[in-house]
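*Asks:* Build me a model:
(2 chains)
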Amino acid sequence: MKELIRRLCQVYGPCGQEEAVRRLITQELTGLVDESRVDALGNLIALKRGTGNGNAPAKRVMIAAHMDEIGVMISHVDANGFLRFTNVGTVLPNTLFGSRVLFANGSQGTFGMDGKPLAVEKPEMAKMFVDVGATSAADSPVGVGDVGVFRSEFADLGKRILAPSLDNRIGCAILIQALKELTNTPNDIYAVFTVQEEVGLRGATTAAFGVEPDVALALDVTLTGDMPEAHTMEVALGKGPAVKVLDKRMIAHPGVRRWLINTAQAYDIPHQLEVLEFGSTDAAAMQISRAGVPAGAISIPSRYIHTPVQMVDYDDVQNSVRLLVNALGGPVDVTR
Amino acid sequence: MTNESLRSLISNTQYPLLEELSTARGVAGQEGAVRAILRQAITPHVNSVETDHLGNLIARKAAQNPNGGKPLGVMIAAHMDEVGGMVQKVNDDGTLKFRAVGGIDARILPGKRLIIGPQSVPGVVLEKPVHLGRSNSAATIDDLIIDTGGASGINPGDMITFENSYGTVGHLLKGKSFDDRVGCFILSELLKQEYPCDLVGVFTVQEEIGLRGAKVAAYSVAPDVAFALEGTIADDLPKDEDISSTTVLGKGPAISVMDRSAYADRRLVELLTLTAQEHAIPYQIKQPGVGGTDVGTIHLAQEGIPSVAVAVPCRYIHAPAALMNPADVLHTIELMAKALGRLPSVWESQQ
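*Replies:* Below you'll find the model as predicted:
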């Protein structure tokens, strides 16, 4: 599975331009699903049919993992070939110095800032520029509207993994792996690889409308509180998948939460509860689709989210797959 | 649009419909006067016209010579509402407390003439004469009151608009509410022509307070593809540094790649830029990351609708007198007409 993670984390796919990620995932899903389609916004919607549960029809369970990653969009090329930019998704200015960006055409660059030496000034995006090695506007290989994504080398640290854009290629990898391991299910599993999550849960909004699920889950990364002087948060790397209780935009459906916790307990899967004070996931959009959908999330503890080098624990990744496979493999009961 | 009709538009220096639209008063939620003008203007050219529950004016025009099969459904939105204000309280001395409806920078208001309520009562925003000392702090809406000279017949909830200012400045057009009456004007012109797609022109309500009309209109129209036509920010004044203007007057229609409300469908951006290049129509890419349009809610309707916004650059939008270049207006009409003509075949080839 590490090879799958490595490959997913290297594919170019900022919000709105997820085509290459979608192609890779489509290949990986060959033979694993009964049908798949791409909707108008670019979401990949794959269906693995369930057998139903006795006389009851199969429940429609939607699992969303977003394909897109944050980046920077060029807004101006100056006479000397320096590129001004705006953020695509939440970009942290402190992380830009020393970062490497990759554009769709393969061009690469790094960041600089107007004025004084770096050490004395707080970075501000309005004062920063991307340097792609151009010497004039005319020879810049990228222009206004082009998007760069953050890139670093994948590294297997043994227990843990370093890679760019684990947010949320790790969710994509877990969903693919779960489909490989899920041999039989009573439920209709809609594995949805969404677009434009980082700019406002936009893909999940339209995909949920199209799928009309009975139950919805998001697979995404979450923050941790296990670093020196970290913001207080119970989630830690290595303690298992985090079952979402609450984040900035949703309160997880208590029935969904219980379904996941009961599954983890039944199969002896380490897990933790997530109370996230920053950010949200596709589950928030799915929850308020149409007349409302019971929704929750399996969150993968992750350090250094929205920086070019992110970290997850490989045991957490594997336990997330186990939790998902076992949760989807049996009847889904989310009654309150 | 045919070259002949375009030429006749360009040779005109008078745009009576644009003047009528700019002059009409209609802040969010009170777009009735604008809707009436548009309904009359477009009815002869379309198959049907209806007003939905929120007040969106929806005009349908069936495809001519479609490629075969079900014609592609295309929605074009332009919003009827303008930024303005609402009377909050009539004070005992007859002056008015008020709120902004939509984004208005209070610093532009002191001393301005405004028009209040259904009877179009004129008023002036209070301004302390310079003789009494200069204030170092900028006014907020809370600091301001409107003086109508004690006019009667004004009630809380009445709409407040800028005074009409339609005219010309040099070779530029001047007026209030070009955001988005210029979009309404362009859409009206487009509805006069025939296209190989089913065209639904939607004049939307309540854009300035959250893209609300477009949200429900896109849900009910459920098109295959959508465009929003806008008047957008132009800050093309001399700058000290080598930085971009959001848009520049005279450089043609501004195409949005990404703004705060949406990420444009790249296929539609390409359709527009290639069409412009082939027909030698000037165009510009709007500075990314700035502003928002009806596309923000349209593209999220139903199962998702590929969408893009095209705008006429306007200096001083959300203020009493915006300026725009008539050539940009005409080039936007031309670009949209040409793009609509080839859209069905381009779209089919990309499915």
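*Asks:* When you work out contacts or count neighbours from here on, use the C-alpha atoms and nothing else.
*Replies:* Noted.
*Asks:* how about B:Asn47, what does it touch?
*Replies:* Applying Cα atoms under 8 Å, 6 or more residues apart in numbering or on different chains, we find B:Asn47 in contact with B:Ala59, B:Arg60, B:Lys61, B:Ala62.
*Asks:* how near is it to B:Ile58?
*Replies:* According to Cα to Cα, to the nearest Å, B:Asn47 and B:Ile58 sit 11 Å apart.
*Asks:* and the contacts of B:Asn47, which are buried?
*Replies:* B:Ala59, B:Arg60, B:Lys61, B:Ala62 (16 or more other Cα atoms under 10 Å in any protein chain shown).
*Asks:* ok, now which ones touch the first one?
*Replies:* Residues touching B:Ala59, when contacts are defined by Cα under 8 Å, 6+ apart, comprise B:Ile42, B:Val46, B:Asn47, B:Ser48, B:Val49, B:Glu50, B:Val200, B:Gly201, B:Val202.
*Asks:* Residue 195: what's it in contact with?
*Replies:* Unless you meant another one, I'm taking chain A. Taking Cα under 8 Å, 6+ apart as the test, what A:Val195 contacts is A:15-16, A:18, A:41-43, A:66-68, A:201-204.
*Asks:* let's do chain B instead
*Replies:* B:Ala63, B:Gln64, B:Asn65, B:Leu340, B:Gly341.
*Asks:* Can you tell me how far it is from B:Gln64?
*Replies:* 6 Å.
*Asks:* cool, and B:Asp52?
*Replies:* In terms of Cα to Cα, B:Asp52 sits 26 Å off from B:Gln64.
*Asks:* Count the neighbours of the residue of chain A found nearest chain B for me.
*Replies:* Among all residues of chain A, A:Thr206 sits closest to chain B, at 4.4 Å; criterion: Cα to the nearest Cα. The local packing of A:Thr206 (other Cα atoms under 10 Å in any protein chain shown) involves 28 other residues.
*Asks:* right, quick check: stretch A:94-106 against chain B, any contact?
*Replies:* No: using Cα under 8 Å from any Cα of the partner chain, stretch A:94-106 never reaches chain B; the gap is at least 13.1 Å.
*Asks:* Give me the phi and psi for residue 82.
*Replies:* You didn't pick a chain, so chain A it is. When read as degrees, to the nearest 10, the backbone of A:Phe82 gives phi -80, psi 140.
*Asks:* you looked at the wrong chain, it should be chain B
*Replies:* Dihedral angles (degrees, to the nearest 10) for B:Glu82: phi -120, psi 160.
*Asks:* quick one: the closest residue to B:Glu208 other than its chain neighbours from B:Asp179, how far?
*Replies:* Nearest residue to B:Glu208, sequence neighbours excluded (Cα to Cα, 6 or more residues apart in numbering or on different chains): B:Gly102, at 5.0 Å. Plainly put, B:Gly102 is 12 Å away from B:Asp179 if you go by Cα to Cα.
*Asks:* repeat for B:Thr95
*Replies:* Distance from B:Thr95 to B:Asp179, by Cα to Cα: 29 Å.
*Asks:* so how far is the first residue of stretch B:68-88 from its last?
*Replies:* In stretch B:68-88, first residue to last residue: 55 Å (Cα to Cα).
*Asks:* Show me which residues of that stretch are buried.
*Replies:* So for stretch B:68-88, counting by 16+ other Cα under 10 Å, buried means B:71-88.
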